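Sequence and computational prediction follow.
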Amino acid sequence: MIRFKNVSVTYRGGVQALRNLNLTIDKGEFVVIVGLSGAGKSTMLRSVNGLVPASSGSITVEGTEVVNASAAEIRNLRSGIGMIFQTFNLVNRTSVINNVLMGRLGRVPAWRSTLGLWSADDRERAMQALERVGIVEKAWVRASNLSGGQQQRVGIARALVQEPSVMLADEPVASLDPVTSRQVMSDLRRINRELGITTLINLHYLDLAQEFGGRLVGLRNGELVFDGDVREVDDQTFMEIYGRAITDQDLVGEADSSI
Ligand SMILES: Nc1ncnc2c1ncn2[C@@H]1O[C@H](COP(=O)(O)OP(=O)(O)O)[C@@H](O)[C@H]1O
Ligand SMILES: [Mg+2]
């Protein structure tokens, strides 16, 4: 499904953010990527849809080569890859439903979306996506009037209407409290299971990753240092990934620990 072969990324200025990454992710897998800040997690995620160009190696998504792909190929690739952000990236002054419909932009002719001529089918899909994340009653509310957790759900719905085969989430819960973080992670896990969307999530908290299961990939200084079932992780694994023992900062904690 997604294959990294000897992938390295060196940014202008010389920082080597990924070093010879080799990894194969099967269709429908739920993969959590952890590592210290600066380990290369965002770079890895963004290399999948060409937002960050790989300096060498090969990345294929369902057989399509991403490295050195043409602009048209990249556009086509991105239409099938949903992306979710730490800061939600919603248009705050417009309604929830309009934000979700923006996810259809890659699926309809540009003239139609420019004129706001969404078809009944597009609207239906947008409502279904909102239903899937449990906020269909918020469709006509301004995005800025929602809580953080609700805004992230709009972000997930916007990605879903793309009908993606791959979902990339870069620290999707970093701006949320522990309770809401768990809800959003549980939405992503449920959607992964219900729709079989291959899901890659960058996460800071190891305990949160362990609650939802799946495959864990550990990056350290741009290198893959762990790849296995998240339930196999122990203190030793943590040392390997983080280069130090676990601290409170690495855990999202119990639901009531922040009160
Ligand atoms: N646009 C960029 N230009 C130059 N260096 C960058 C850029 N983005 C990230 N880096 C560097 O690449 C390394 C990996 O960054 P990143 O992928 O953002 O890690 P993470 O998401 O794990 O925090 C870091 O040293 C970071 O400073
Ligand atoms: Mg990052």
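Sure thing, it's come through. Residues are numbered from 1 along each chain as shown. Ligands and ions are numbered 1, 2, ... in the order given.

going forward, measure contacts and count neighbours with C-alpha atoms only.
Will do.

Would you pull up the residue in the stretch 101-250 of the chain closest to ligand 1?
residue 222 (6.9 Å; C-alpha to the nearest ligand atom).

Please list all residues in contact with residue 254.
By C-alpha atoms under 8 Å, 6 or more residues apart in numbering, the contact list for residue 254 reads residue 178.

what kind of secondary structure is it in?
coil (DSSP: H, G, I helix; E, B strand; the rest coil).

The chain: strands as residue ranges?
Assigned by DSSP state E, the chain shows strands spanning 2-10, 16-25, 30-34, 56-61, 64-65, 81-85, 166-170, 198-202, 215-220, 223-229.

tell me the angle the second one makes with strand 198-202.
Which is strand 16-25. Here strand 16-25 runs at an angle of 150 degrees relative to strand 198-202 (axes from the mean of the first three to the mean of the last three C-alpha atoms, to 10 degrees).

Please point out which parts of strand 16-25 sit buried.
Going by neighbour count (16 or more other C-alpha atoms under 10 Å), the buried part of strand 16-25 is 16-23, 25.

Could I get the contacting residues of residue 30?
189, 192, 198-200, 214-215.

How about residue 164, nearest residue that isn't a chain neighbour?
residue 80 (4.4 Å; C-alpha to C-alpha, 6 or more residues apart in numbering).

Got phi/psi on the one you found?
Dihedral angles of residue 80 (phi, psi; degrees, to the nearest 10) stand at phi -100, psi 10.

What is the burial count for it?
Using other C-alpha atoms under 10 Å, residue 80 has 19 other residues around it.

ok, now residue 58?
With other C-alpha under 10 Å as criterion, residue 58 counts 18.

my guess is it meets residue 2, correct?
No - if you go by C-alpha atoms under 8 Å, residue 58 and residue 2 don't touch, sitting 10.4 Å apart.

Just the C-alphas of the helix or strand bottoming out on mean pLDDT in the chain, formatted as CSV.
When the helices and strands of the chain are scored by mean pLDDT, DSSP states H and E, helix 110-114 comes last with a mean of 72. Only the C-alpha atoms of helix 110-114 are listed here, as CSV (Å, rounded to 0.1, in the frame of the first residue of the first chain):
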residue,chain,number,x,y,z
ALA,A,110,-13.2,23.6,-10.3
TRP,A,111,-15.9,25.9,-11.9
ARG,A,112,-18.6,24.2,-9.9
SER,A,113,-17.0,24.5,-6.5
THR,A,114,-15.9,28.1,-7.3
